[in-house]
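Colleague: Make a model of this:
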Amino acid sequence: MTETSVAFGQYPPAKRTIIHVSDTHLLAGNVPLGGRYDTEANLRRTMDRVVELGLTPDALVFTGDLTDLGEADAYARLLAIIEPVAREWGCPVAWVAGNHDERPALRSGLLGLEPSEDPVLGEWDLGGLRLLALDTSVPGWHHGDLDDAQLDWLGDRLADPAPLGTILALHHPPLPSHVPLFGILELQRQERLAAVISGSDVRAILAGHLHYSTSGTFAGVPVSVAAATCYTMDIARPALSVNGMDAGQSFHLVHVYDDTITHSVVPVSGAAEGDYFAPEWYERMSRLTPTERLEVFSRKPDRGAAPSA
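Modeller: Residues are numbered from 1 along each chain as shown. This is a model prediction of the structure:
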């Protein structure tokens, strides 16, 4: 049995599955970021967890800040970690530019294109699900923006709906943050993006940048922000003293259904767990009728019954 073949409830299995990772911030020579974060080791641990899922995703999406300084060696290290896994799965990798990336080195090192300051855009047909990558990076700056050419490109693609709809991937999320720092670094002129996607077939927006997981809606579209693999923001602290921590790293498991899309946060660091639910348990349950499953598993014990002698 596989993940996609098991369905005991009213929803059929997901039609498409995406792994959403963000903010890897690799450095040349694997120099520790800020003198304390081993970003390469953290990414390797993340990919180990991804592989442990035991599934073949339809795409891997990395929503920006792939490197910390835009160095050629850092992009080479990133490709060496991710490309073998993607090749084994036979799935595309959507590389999204972030404010810490450098477009020329990204285009050359990851995409095999001529180095230039042209925006890094991408389009993939995932069996009827359209995935579009935008480039909200602004050369020389940390805030985000989208120029007229990108918005025109996006509008042209959205003019014809895709069979399973469209997912957008970008770095700067079009959402507010309660952490004041990110107000300085947010996506500018968001109303222009809203005007393009309103009424379109866009079903979800994947983003990063914040180094913590959050979600919201933008122009009526659900937005899901994945936390970083390098380090995360400790938002248990008061907003004016939020800082980074080498803990809480995670990625998102995105399931696309006919009428909804779910975004599940998967922790990189695991812990001791039970062994009750296993493939063998699901195999036994699959041999029961729906009524029998409800009877043996869903019904609560009668706690008001008299104790047995």
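
Colleague: Next, the buried residues of stretch 242-257.
Modeller: Neighbour counts over stretch 242-257 (16 or more other Cβ atoms under 10 Å) mark V242, G244, M245, G248, Q249, S250, F251, H252, L253, V254, H255, V256 as buried. C-betas here are computed from N, CA, C, even on glycine.

Colleague: between the residues you listed, which is nearest A228?
Modeller: Within the buried residues of stretch 242-257, the smallest distance to A228 is 6.6 Å, found for Q249 (Cβ to Cβ).

Colleague: Which residue ranges of the chain form strands?
Modeller: Assigned by DSSP state E, the chain shows strands spanning 16-21, 59-63, 93-96, 122-126, 129-133, 166-169, 202-207, 214-218, 221-225, 232-233, 244-245, 250-256, 261-267.

Colleague: Let's have those strands in CSV, adding mean pLDDT and distance to D48.
Modeller: Shown next, in CSV, are the strands of the chain (pLDDT from 0 to 100; distance: least, Cβ to Cβ, whole Å):
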stretch, mean pLDDT, distance to D48
strand 16-21, 98, 13
strand 59-63, 98, 14
strand 93-96, 98, 17
strand 122-126, 98, 24
strand 129-133, 98, 25
strand 166-169, 98, 23
strand 202-207, 98, 22
strand 214-218, 98, 25
strand 221-225, 98, 23
strand 232-233, 98, 18
strand 244-245, 96, 21
strand 250-256, 98, 11
strand 261-267, 98, 12
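
Colleague: could you dump those to a markdown table with distance to H143?
Modeller: Compiled in a markdown table, those are given as follows (distance: least, Cβ to Cβ, whole Å):
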| stretch | distance to H143 |
| --- | --- |
| strand 16-21 | 22 |
| strand 59-63 | 16 |
| strand 93-96 | 16 |
| strand 122-126 | 22 |
| strand 129-133 | 19 |
| strand 166-169 | 19 |
| strand 202-207 | 14 |
| strand 214-218 | 17 |
| strand 221-225 | 16 |
| strand 232-233 | 18 |
| strand 244-245 | 19 |
| strand 250-256 | 24 |
| strand 261-267 | 25 |
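
Colleague: out of the ones you listed, which comes closest to V51?
Modeller: Closest to V51 of these is strand 16-21 (Cβ to Cβ; 10.2 Å).

Colleague: mind listing the helices for the stretch 1-150 of the chain?
Modeller: Residue ranges of the helices in the stretch 1-150 of the chain, as given by DSSP state H, counting those that start in this stretch, are 39-52, 72-89, 103-111, 148-158.

Colleague: Determine which stretch of those is the most buried.
Modeller: For the helices of the stretch 1-150 of the chain, the largest average neighbour count (mean count of other Cβ atoms under 10 Å) is found in helix 103-111, namely a mean of 20.

Colleague: got the angle for that helix vs strand 59-63?
Modeller: Helix 103-111 runs at 160 degrees relative to strand 59-63, counting by axes from the mean of the first three to the mean of the last three Cα atoms, to 10 degrees.

Colleague: roughly how far apart are the closest residue to D68 other than its chain neighbours and Y37?
Modeller: Closest residue to D68 apart from its sequence neighbours, by Cβ to Cβ, 6 or more residues apart in numbering: H25 at 4.3 Å. Taking Cβ to Cβ, to the nearest Å as the measure, H25 falls 8 Å from Y37.

Colleague: Then S213?
Modeller: 18 Å.

Colleague: that older thread, more neighbours: which of H25 and Y37?
Modeller: Using other Cβ atoms under 10 Å as the criterion, H25 and Y37 rank with H25 on top: 28 against 20.

Colleague: pLDDT wise, what is the more buried one at?
Modeller: What the model reports for H25 is a pLDDT of 98.

Colleague: Show the contacting residues for it.
Modeller: By Cβ atoms under 8 Å, 6 or more residues apart in numbering, the contact list for H25 reads L33, Y37, T39, D65, L66, T67, D68, H100, A228, C230, Y231.

Colleague: Which residues are in contact with each of H25 and Y37?
Modeller: Counting by Cβ under 8 Å, 6+ apart, the residues touching both H25 and Y37 are C230, Y231.

Colleague: Other residues contacting the helix-or-strand element of the chain with minimal mean pLDDT?
Modeller: Of all helical and strand segments in the chain, the minimum by mean pLDDT, DSSP states H and E falls on helix 290-293, at a mean of 86. With Cβ under 8 Å, 6+ apart as the test, helix 290-293 has contacts from F8, M285.
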